[in-house]
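> Sharing a sequence plus its predicted fold:
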Amino acid sequence: MRKYTFTEKKDTRSGYGDGLLEAAKRNPNIVGLTADVTPSVKMEAFAKEFPERFVQVGIAEANMIGIAAGMTIGGKIPFASTFANFITSRVYDQIRQSIAYSAKNVKIAATHAGITVGEDGATHQVLEDIGMMKMLPGMTVIVPCDYNQAYLTTLAAAEHYGPMYLRYGRPTVPNFTSLDEKFEIGKGILLQEGKDVTIIATGHLVWTALQAAEQLHKDGISAEVINIHTIKPLDTELILASVLKTGCVVTAEEHNIIGGLGDSVAHLLSRTVPSPIEMLGVNDVFGESGTPQQLLDKHNLNEEGIIASVKTVLNRK
Amino acid sequence: MKTISELQGVASQVRRDIIRMTSQAQSGHPGGSLGCADFLTALYFNVMNIDPENFKMDGKNEDLFFLSNGHITPVFYSILARRGYFPISELGTFRKLDSRLQGHPSISHNLPGIRMASGSLGQGLSNAIGSALTKKLNGDKSIVYCLCGDGELQEGQNWEAIMFAPAKNVDNLIAVVDLNGLQIDGATKDVCDLGDLRAKFEAFDWQVLDMDGHSVENILSVLHEAKEKLKNKKPVFIVMKTEMGKGVDFMENNYKYHGSVTNEEQTKVALSQLKETLGDF
């Protein structure tokens, strides 16, 4: 069994900020926009280094999306950033018409996604964004799992032509992936090989899934762990190969189980290899105030929750 | 460059196209289209620096136009075809299955002349600002034009954009509102009164000009003045007074023709009032 370790915890939004700065150094066409949350979305270094390429829109997210779309005409690559709720729910039609339907090369870089926003509560904890974004034709949706993957995601996004939704988080989480790893949009990563069950996780829950697999191993259950960072397009090849071997699946994500990763995996399996699946996520409710860990625990989005889901799905095999 | 009377001739043909396109499709928005025919003719034929035969999405070193009130595709498509972006005969496919001439502007079918989808209202000014910012970053001295409907200004996103453009000195942007005073549910003043648009835009620090949307001479001179005013480092807003349905007597100032079309008999009457100058499609 492969052993994963980390030396520090970092936030994925910082992976975005640092990745954006590096991408901007490499490509003069990269521009950045935000709506009065520059430090929160970690764009301070970019704004300082490239003030002329930084657009402070003010608290006007709809206008930000429209401007970002317009800026692509003439070759700019805009990264538009604010909290995930305000750059999805609030501006869905703007994204739909000006970015997705107009096929514009805009990177919607959303921070503070999911329930781990914590104390701010449900208004700020978007749990529907993956669903909204993946339903838009032509939209690529990526959820990195740690700082390093967020950094690589940002660099890859800068080089990939087309509308993209990049989902970053607020809390610090174990930074366990390597910057030397190959990151390819649409290609999942097989983190742990196993034969009894496939655990497919995205975002902050990937580390949790690895911890759960380690515990399961001690109990004699061999769990395969796959990191799906790209929700759309989904790496169907990797998932199907794994499920054909294990015969059952648990998905884990910080999102409503309706419309998220689990939904995408179930959609795939029901049309190809119908298999027992347990979906761990937020069960169609809004979030609330609390610390990130308290909220994760409340929704069983922890090691114990994954282990319990694995045991349930194994019984259904 | 065309003479005034040539421009008037083009506008008359454009109006015929609008009536014929919408009556053939038995759908579409003829009223606002007729009202903007003179302005768009003058803009596309005599004002904007464009290269219709070699349309490129990036629009570098060309003036750009954004249609925010996307429903007036009949006039937009007619102008684009008559200006040479695509074959005039294609106007006959308007709103039909597999046509490049979608009900509202779309880039999905690669119609030359369109750079942004519109139709869901209130987004075009933001798009125009974005492209204007890119032109400035690229050192491209061209100008970006945007047309909005008056009823459309009820959409809140416009006011985000209206606040932004002067605050950020977007000095390569000319926005025009089609002030015909009508919208789907009736008079704009009854639906939700826009009040004094000049005062509102001046309060937001725009340079404001008035324009008679049915006088080609006035349109040309006001657009010239607008370009001069951009040197003051602020965007220009033009209040363009028009009549919905202009050119067809029974359609003029009749809000019913915002989104309804002429029947066979009405189409004959309408076309009898509009001179065929360049040949129908």
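It's in.
> does residue B:162 belong to a helix or a strand, and which?
In the assignment (DSSP states H and E), residue B:162 maps to helix B:156-167.
> Quickly check: the next helix or strand after that helix near chain A or not.
Next in sequence after helix B:156-167, counting helices and strands by DSSP H and E, comes strand B:173-179. No - applying Cβ under 8 Å from any Cβ of the partner chain, one finds strand B:173-179 separated from chain A by no less than 10.5 Å. Backbone N, C-alpha and C define where each C-beta goes, glycine included.
> helices and strands around strand B:173-179, which ones?
With contacts defined as 3 or more Cβ pairs under 8 Å, 6 or more residues apart in numbering or on different chains; DSSP states H and E, the packing partners of strand B:173-179 are helix B:124-137, strand B:144-149, helix B:216-229, strand B:236-241.
> For the third one, enumerate the helices and strands it packs against.
Which is helix B:216-229. The helices and strands touching helix B:216-229, judged by 3+ Cβ pairs under 8 Å, 6+ apart, are helix B:4-25, helix B:37-42, strand B:173-179, strand B:207-212, strand B:236-241.
> about what we covered before: I'd like the helices and strands packed on strand B:173-179 laid out as a markdown table, including mean neighbour count.
Shown next, in a markdown table, are the helices and strands packed on strand B:173-179 (neighbours: other Cβ atoms under 10 Å in any protein chain shown):
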| stretch | mean neighbour count |
| --- | --- |
| helix B:124-137 | 29 |
| strand B:144-149 | 28 |
| helix B:216-229 | 18 |
| strand B:236-241 | 23 |
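> Next, the closest residue to residue A:102 other than its chain neighbours: phi, psi?
In this structure, residue A:102 finds its nearest non-sequential neighbour in residue B:117, 4.6 Å apart by Cβ to Cβ, 6 or more residues apart in numbering or on different chains. Per-residue torsions, residue B:117: phi -70, psi 150 (degrees, to the nearest 10).
> Which parts of the stretch 101-250 of chain A are helices?
For the stretch 101-250 of chain A, the helices defined by DSSP state H, counting those that start in this stretch cover A:129-134, A:147-159, A:205-218, A:236-246.
> near chain B at all, the shortest one?
So that's helix A:129-134. No - for helix A:129-134, no contact with chain B is found by Cβ under 8 Å from any Cβ; the gap never falls below 15.8 Å.
> List the contacts of stretch B:251-260.
Residues from elsewhere that reach stretch B:251-260, judged by Cβ atoms under 8 Å, 6 or more residues apart in numbering or on different chains: B:28-32, B:34, B:71, B:180, B:182-187, B:243-246, B:262, B:270.
> try it again with 7 Å
Outside of stretch B:251-260, the residues within contact range by Cβ atoms under 7 Å, 6 or more residues apart in numbering or on different chains are B:29-32, B:34, B:182-184, B:186, B:243-246, B:270.
> Report the rounded mean pLDDT for the helix holding residue B:162.
The pLDDT scores in helix B:156-167 average 98.
> Which positions in the stretch 101-250 of chain B make contact with chain A?
Contact residues, the stretch 101-250 of chain B versus chain A (Cβ under 7 Å from any Cβ of the partner chain): B:106-108, B:115-117, B:120, B:123, B:126-131, B:133-135, B:137-138, B:140, B:157, B:160-161, B:164.
> still on that earlier bit, mind giving me CSV with the helices of the stretch 101-250 of chain A and columns for mean neighbour count and mean pLDDT?
Compiled in CSV, the helices of the stretch 101-250 of chain A are given as follows (neighbours: other Cβ atoms under 10 Å in any protein chain shown; pLDDT from 0 to 100):
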stretch, mean neighbour count, mean pLDDT
helix A:129-134, 24, 98
helix A:147-159, 24, 98
helix A:205-218, 22, 98
helix A:236-246, 18, 98
